[in-house]
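Peer 1: my questions are about this predicted structure, shown below with the sequence.
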Amino acid sequence: MHNRRARSCQRARYRYITLGERASIVVPTNFWENFEVEICDFDGLVHVINQVMVKSVKKNISFAWRGQVDAKWALHSSLYRRLSLTKGKNVDENELSAAESQILAGLHRWGLHSHPNRGRLSILNQLAILQHYGAPTRLIDITFNAWVGVFFAVEQKWDNGDEIYAESDARLFAFDVTNKIINEDAGMRPWEDSLIRPWTSERFDQNQWTTSVFAWKPPSIDPRIFAQNGAFLLGGVPASTKPGGARLQFPKGPGVNKRWWIDEVRTSTSVAMRPHVFDPKQGALVDAALYTFRIKHAAKKDIRARLKQMFGYDHSTIYPDYSGFSLFGTPNLKSRP
């Protein structure tokens, strides 16, 4: 197990924090910390990614990646986060599904559910386009390129002309999506063309939906998805009961008998992916597993510089469109007094 850097700069493991832009959501920090590997420099990052890649090849495991600029953030879809903030509590799958239905109905009323050349869009494609333009959806952005995931973890962001998150540790997730990629599963491939939400069908077990996670590689509907090797993670809001009545449990740490309550789980993640300590020798796990890596803030600048030199990654190549330029092209200009 790679743990040489995992505990080198550890903080108190049982405390609660308030997230900046998610100010009303309180996350138990040790939900991730008890499983994370800590990365203090670029060499440590290369070592970890190489271990994951070796494991992927030797064990035939499919990994997807996500980077977040603040390690304290929850793993939430935009719809889950905004709906929970609106209601002042963690919502369940029924509440999320109802809000999703209203959003899709609104898209239909606006006449935006069809494409001039392609006709009516499938539900997944409608959600992908909404996600691209910043509307709330249940989709969570991921990539199948580890280094793009790293870029998202260490990228610079600004607010009103000032850089933000420069002093925040970042988080990199690696998701085991083996046998969970919709495009590559014959039974789920029809989801790509479905004009209704497949996960609401009576033929689909809701206990499976709320205890499983799936990945979807969308078509390159815009240059950004192509540049980012982009994909989406989706699944129901975590619940406790699997198909057949078995329990889905989230341990508080490796080898720890204590479990998180389901409401605490939902505070930390809106999809049913269980954190595990990364072990290069272990094969694919039966449940939806994620591995988490904390990148120390002092390493972010150097990692950005190396990504630029090695791969040409910067905001212009990762966000190669007008909306990307509007976000990052003039970072030092203020937007309000």
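Peer 2: Right, received. Where do you want to start? Residues are numbered from 1 along each chain as shown.
Peer 1: quick check: which ranges of the stretch 151-300 of the chain have low pLDDT?
Peer 2: Scanning the stretch 151-300 of the chain for pLDDT under 70 picks out 221, 283-288.
Peer 1: all helices of this protein, in order?
Peer 2: 30-33, 42-59, 78-87, 93-109, 123-132, 146-154, 206-209, 223-228, 262-268, 300-311, 315-318, 322-328 (DSSP state H).
Peer 1: quick one: which of the ones you listed is nearest G244?
Peer 2: Counting by Cβ to Cβ, G244 lies closest to helix 206-209 out of those; the figure is 8.0 Å. All C-beta spots, glycine's among them, are computed from the backbone N, C-alpha and C.
Peer 1: pretty sure V271 is touching V213, no?
Peer 2: Yes: V271 is in contact with V213 according to Cβ atoms under 8 Å; the separation is 4.8 Å.
Peer 1: ok, back up a step: relative to D279, which of the helices of the chain is closest?
Peer 2: Comparing the helices of the chain by Cβ to Cβ, helix 42-59 comes nearest, at 8.5 Å.
Peer 1: which residue, other than its chain neighbours, is closest to L233?
Peer 2: Leaving aside its chain neighbours, L233 sits nearest to I140 (4.2 Å; criterion: Cβ to Cβ, 6 or more residues apart in numbering).
Peer 1: the one you found: what's it in contact with?
Peer 2: I140 makes contact with R66, L75, H76, S77, F232, L233, L234, S270, V271 under the criterion Cβ atoms under 8 Å, 6 or more residues apart in numbering.
Peer 1: mind checking which of the residues you listed land in strands?
Peer 2: R66, F232, L233, L234 (DSSP state E).
Peer 1: top of the residues you listed by number of neighbours, please.
Peer 2: L233 (26 neighbours; other Cβ atoms under 10 Å).
Peer 1: so how far is G324 from it?
Peer 2: Separation of L233 from G324 (Cβ to Cβ, to the nearest Å) stands at 21 Å.
Peer 1: K157 is in contact with V69, isn't it?
Peer 2: Yes: with contact defined as Cβ under 8 Å, K157 reaches V69; the gap is 6.0 Å.
Peer 1: neighbour count for those two, which is higher?
Peer 2: For K157 versus V69, the count of surrounding residues by other Cβ under 10 Å is larger for V69: 21 against 14.
Peer 1: quick one: contacts for that one?
Peer 2: F152, A153, V154, E155, K157, Y165, S168, A170.
Peer 1: the same query, at a cut-off of 6 Å, please.
Peer 2: Y165, A170 (Cβ atoms under 6 Å, 6 or more residues apart in numbering).
Peer 1: what of the one 10 residues further on?
Peer 2: With contacts defined as Cβ under 6 Å, 6+ apart, the neighbours of L79 are P136, T137, R138.
Peer 1: which of these has the largest number of neighbours?
Peer 2: That'd be R138 among the contacts of L79, by other Cβ under 10 Å, with 28 neighbours.
Peer 1: what's the pLDDT at that one?
Peer 2: Here the pLDDT value assigned to R138 is 98.
Peer 1: that one is in contact with S78, isn't it?
Peer 2: No: assessed by Cβ atoms under 6 Å, R138 is found out of contact with S78, at 8.5 Å.
Peer 1: that's all I had, so thanks and see you.
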